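K.L.:
Need the 3D shape of this:
(one chain, ligands or ions: 1)
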Amino acid sequence: TRTSFRSTISLEMGKSQDELKKEVGYKAVDDYVKSGMVVGLGTGSTAYFAVERVGQLLKSGELKDIVCIPTSVRTKEQAESLDIPLVTLDTHSNLDVSIDGADEVDPDLNLVKGGGGALLREKMVEIMSEKFIVIVDESKLTDGLGPGFPVPVEITPFCHEHTMRQVAGLASCEGCKPVLRMGSSSSNVNDGDEIAVTDNGNYIVDLHFDTPIKDARKMAEDVKNVCGVVDHGLFCDMSTVVIIAGSDGVSVKK
Ligand code: 5RP
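P.N.:
Got it, this is the predicted structure:
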């Protein structure tokens, strides 16, 4: 399900958003996953379809001898249900390819990720991948990161209010409104009044911006340096290939 931060768009006279997600998820697997590879499996409603496709191709025998690393408990459970062989970074540090969704993509292919709360495992897996394939529908493209979707920051529960203040006080985060993510899961559905907890036992603070972030790379560096921050959802300079599904068809940006 899509988050409360962006309403689902229905594309008139075209495909539904779910059909676009499926199209792009399947295409990424068909084009980039080959037998014998180590594959990172992303998290979210778009990555779901890529995982589904990997399962299908393994079952039909078109893919053989692959092993996969899931980026969340949710994805691990989906992969297990499809009999996809799983390994971890502990035994397989170098991946051939990872496929994952994103919440925003800017013209330099910098990303906001973590709407589903899986940003830490996603980043750990995806930075170790020779190819990082991002799959989105066209609603995720933006001229500047920030106003369309908050930037999630994973923080330790210990003195989390202090850490939130430290992050919000950074010059590179000027103008942000920090909101602690609530809900029964770490994806930002905000369906409860308990603090959401990630797969890693941490909290998430979502940084809301009214105007585009001026320097995403600087902000990424500054936020990461705050003691108490585990990681954040800015994925900058990751030599990404972005596959975009739109009402006019599929396009690729590198
Ligand atoms: C999860 C993520 C997701 O990839 C991101 O939120 C996009 O999700 P969806 O494909 O459901 O829109 O980063 O932590």
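K.L.:
What are the boundaries of the strands in the stretch 51-200 of the chain?
P.N.:
67-70, 95-100, 104-105, 111-112, 129-137, 151-155, 177-180 (DSSP state E, counting those that start in this stretch).
K.L.:
Compare those strands and report which one is nearest to residue 26.
P.N.:
Nearest to residue 26, of all those, is strand 129-137, at 9.4 Å by C-beta to C-beta. Any C-beta I mention is one placed from the backbone N, CA and C, and that applies to glycine too.
K.L.:
Direction included, what does the closest one pair up with?
P.N.:
strand 95-100 (parallel), strand 240-246 (parallel) (DSSP bridges).
K.L.:
what helices or strands is the longest helix along the chain leaning on?
P.N.:
Counting residues, the longest helix in the chain under DSSP state H turns out to be helix 17-32. If contacts are counted by 3 or more C-beta pairs under 8 Å, 6 or more residues apart in numbering; DSSP states H and E, helix 17-32 sits against helix 47-60, strand 95-100, strand 129-137, strand 240-246, strand 249-253.
K.L.:
outside of the longest one, which residues touch it?
P.N.:
Pointing back at helix 47-60 there. For helix 47-60, contacts defined as C-beta atoms under 8 Å, 6 or more residues apart in numbering pick out 21-22, 24-26, 28-30, 33, 39, 41-42, 63-64, 66, 68, 71, 75, 78-79, 82-84, 99-101, 135.
K.L.:
pretty sure residue 79 is in contact with residue 42, am I right?
P.N.:
No - Residue 79 is beyond contact range of residue 42, at 11.2 Å (criterion: C-beta atoms under 8 Å).
K.L.:
Those two: who's more crowded?
P.N.:
Counted by other C-beta atoms under 10 Å, residue 79 and residue 42 do not tie: residue 42 has more neighbours, with 31 against 20.
K.L.:
For the stretch 101-250 of the chain, what lies in contact range of the ligand?
P.N.:
With the criterion set to C-beta under 6 Å from any ligand atom, the stretch 101-250 of the chain comes near the ligand through 101-103, 113-119, 122.
K.L.:
Give me the neighbour count for the closest residue in space to residue 162 that isn't next to it in sequence.
P.N.:
Among residues not flanking residue 162 along the chain, residue 228 sits closest, at 7.0 Å (C-beta to C-beta, 6 or more residues apart in numbering). For residue 228, the neighbour count with other C-beta under 10 Å is 17.
K.L.:
picking up where we left off before, export the longest helix of the chain as CSV, just CAs?
P.N.:
The C-alpha coordinates for helix 17-32 follow below in CSV (Å, rounded to 0.1, in the frame of the first residue of the first chain):
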residue,chain,number,x,y,z
GLN,A,17,-0.3,2.8,-10.7
ASP,A,18,-0.1,-0.9,-9.7
GLU,A,19,0.1,-2.0,-13.3
LEU,A,20,3.0,0.4,-13.9
LYS,A,21,4.7,-0.9,-10.8
LYS,A,22,4.3,-4.5,-12.0
GLU,A,23,5.5,-3.6,-15.5
VAL,A,24,8.7,-1.9,-14.2
GLY,A,25,9.4,-4.6,-11.6
TYR,A,26,9.1,-7.4,-14.1
LYS,A,27,11.2,-5.5,-16.7
ALA,A,28,14.0,-4.9,-14.2
VAL,A,29,14.3,-8.6,-13.5
ASP,A,30,14.0,-9.7,-17.1
ASP,A,31,16.7,-7.3,-18.2
TYR,A,32,19.2,-7.4,-15.4
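K.L.:
Looking at it now, give me its mean pLDDT.
P.N.:
Helix 17-32 carries an average pLDDT of 95.
K.L.:
Just the buried positions in it, please.
P.N.:
Buried residues in helix 17-32, counted by 16 or more other C-beta atoms under 10 Å: 17, 20-29, 32.
K.L.:
Show me how far whichever helix or strand comes after that helix is from its chain's centre.
P.N.:
Next helix or strand after helix 17-32 toward the C-terminus (DSSP states H and E): strand 38-41. Taking C-alpha atoms, centre = their mean, to the nearest Å, one finds the center of strand 38-41 at 14 Å from the center of the full chain.
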